[in-house]
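*Asks:* here's my sequence, what's the structure:
(one chain, ligands or ions: 1)
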Amino acid sequence: MRTRVKICGLTRLLDVEAAVAAGTDAIGLVFHPDSPRAVSIEQARGLCQHLPPFVTAVGLFVDADPEQVRETLRQVPLELLQFHGEESPEYCAAFGRRWIKALRMRPGIELEAARARYGAGAGLLLDTYRAGVAGGTGERFDWARIPPPLRAEIVLAGGLAPDNVAAAIAAVRPFGVDVSGGVEATRGVKNHAKISAFMTGVRDGDRCR
Ligand SMILES: O=C(O)c1ccccc1N[C@@H]1O[C@H](COP(=O)(O)O)[C@@H](O)[C@H]1O
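*Replies:* Residues are numbered from 1 along each chain as shown. You can find the predicted model right below:
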């Protein structure tokens, strides 16, 4: 199986085009107002407008007012929702859209229990925990903390970059990987050479699967 890729935090059409050209499976649009990568509904609609078939548009929310999520869904053709805060399974399921739950790897987190709790979703994404920051830290966590039975189904995130994604895939063998800061020039602006290098790293990692 090949590792699926999501490139997150896109704010510019030329970056979406570069990510698609490099072979990403999904693009992530951040609707969390505190993020330096946040996009407006209008911006997001423009970014999704010319997405080719089979590239998934993912909307990322952090403990958003449900009406904000509903209004976004009315105006932007998002196919998958990524909930990156403390949302309950009931909240995540309330929008009639497929969703994944992001879990930040705080000390003592019980991943098997979380997997059962969020079992109605399409999957779990694991990200680095840093107090006071909702995500997109650019920092990795200790992949050995992921219980082996869960590895094949999770999306691995947190500090992935062109120079470590092959090792991450070889070590964890996840369903997918998600990157934001590791392919940026500055916050919210992607570096196209880094996107290509990241995809090369994914292919290198896949040779070890
Ligand atoms: O990207 C953000 O600004 C962001 C804000 C709030 C929650 C999540 C956010 N991004 C997600 O964080 C992970 C890891 O990002 P990074 O590669 O370490 O920069 C990823 O899932 C992003 O989608």
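*Asks:* check contacts around the nearest residue to residue 128 once chain neighbours are set aside.
*Replies:* Leaving aside its chain neighbours, residue 128 sits nearest to residue 158 (3.5 Å; criterion: Cβ to Cβ, 6 or more residues apart in numbering). The way it works is simple: take the backbone N, C-alpha and C, and place the C-beta from them, glycine included. Residues counted as contacts of residue 158 (Cβ atoms under 8 Å, 6 or more residues apart in numbering) are 105, 126-128, 137, 139-141.
*Asks:* thought residue 204 was touching residue 167?
*Replies:* No - using Cβ atoms under 8 Å, residue 204 is not in contact with residue 167; the gap is 9.2 Å.
*Asks:* which helix in this structure runs the most residues?
*Replies:* Counting by DSSP state H, the longest helix found in the chain is helix 192-206.
*Asks:* would you say residue 100 is within a strand?
*Replies:* Yes - judged by DSSP: H, G, I helix; E, B strand; the rest coil, residue 100 forms part of a strand.
*Asks:* residues contacting it?
*Replies:* Residues in contact with residue 100 (Cβ under 8 Å, 6+ apart) are 80-83, 121-125, 155.
*Asks:* model confidence for it, exactly?
*Replies:* Model confidence at residue 100, given as pLDDT, is 98.
*Asks:* what helix or strand is the residue most central in space within the chain on?
*Replies:* Centroid-nearest residue in the chain: residue 178, 4.5 Å away (criterion: Cα atoms, centre = their mean). Under the criterion of DSSP states H and E, residue 178 resides in strand 176-179.
*Asks:* what's the burial count for the closest residue to residue 112 other than its chain neighbours?
*Replies:* Nearest non-adjacent residue to residue 112, counting by Cβ to Cβ, 6+ apart: residue 147, 6.2 Å away. By other Cβ atoms under 10 Å, 11 other residues sit near residue 147.
*Asks:* pLDDT score for residue 147?
*Replies:* For residue 147, the model assigns a pLDDT of 97.
*Asks:* give the buried residues for the longest helix of the chain.
*Replies:* Residues of helix 192-206 classed as buried: 192, 194-199, 201-202, 205 (neighbour count, 16 or more other Cβ atoms under 10 Å).
*Asks:* who does the helix or strand that contains residue 116 touch, helix- and strand-wise?
*Replies:* Under the criterion of DSSP H and E, residue 116 resides in helix 111-117. Contacts defined by 3 or more Cβ pairs under 8 Å, 6 or more residues apart in numbering; DSSP states H and E place helix 111-117 against strand 98-104, strand 123-127, helix 148-151.
*Asks:* ok, now how distant is residue 66 from residue 93?
*Replies:* The gap separating residue 66 from residue 93 is 12 Å, by Cβ to Cβ, to the nearest Å.
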